[in-house]
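**Student:** All I have is the shape, not the residue letters:
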């Protein structure tokens, strides 16, 4: 599990839009502050639970291909959040 502080609704909307455009990530349910983010990759599917609450965005890995490291997932999310700030 990983969390980022100071994430506004506007930043989160940017994160969702960028991850959808760049990685094909689908947020379920759409327009919600809590749910699942599903990304299909060439090596398998990444499923994350997410929750935005009180300016803190938290992700938890539910499923990932063995070849993809947790640190790579967290770095990618962190970079996307920073690019949206």
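**Tutor:** Done, it's in. What you are looking at is a predicted structure, and each value in this text was computed from that prediction instead of being measured. Residues are numbered from 1 along each chain as shown.

**Student:** and residue 67, how far is that from residue 75?
**Tutor:** With distances defined as Cβ to Cβ, to the nearest Å, the gap from residue 67 to residue 75 amounts to 15 Å. From N, CA and C alone the C-beta is placed, and that goes for glycine too.

**Student:** Please name the residues that touch residue 41.
**Tutor:** Each residue near residue 41 by Cβ atoms under 8 Å, 6 or more residues apart in numbering is listed here: 23, 65, 68.

**Student:** is it true that the last one touches residue 46?
**Tutor:** So that's residue 68. Yes - with the criterion set as Cβ atoms under 8 Å, residue 68 and residue 46 qualify as a contacting pair; they are 6.6 Å apart.

**Student:** ok, these two, which is more surrounded?
**Tutor:** residue 46 (20 against 16; other Cβ atoms under 10 Å).

**Student:** And the strand or helix carrying the more buried one, what does it pack against?
**Tutor:** Following DSSP states H and E, the helix or strand that holds residue 46 is strand 44-53. Using 3 or more Cβ pairs under 8 Å, 6 or more residues apart in numbering; DSSP states H and E as the contact criterion, the secondary-structure elements in contact with strand 44-53 are strand 34-41, strand 56-63.

**Student:** For residue 8, find the nearest of those.
**Tutor:** Closest to residue 8 of the helices and strands packed on strand 44-53 is strand 56-63 (Cβ to Cβ; 9.6 Å).

**Student:** Understood, closing this out.
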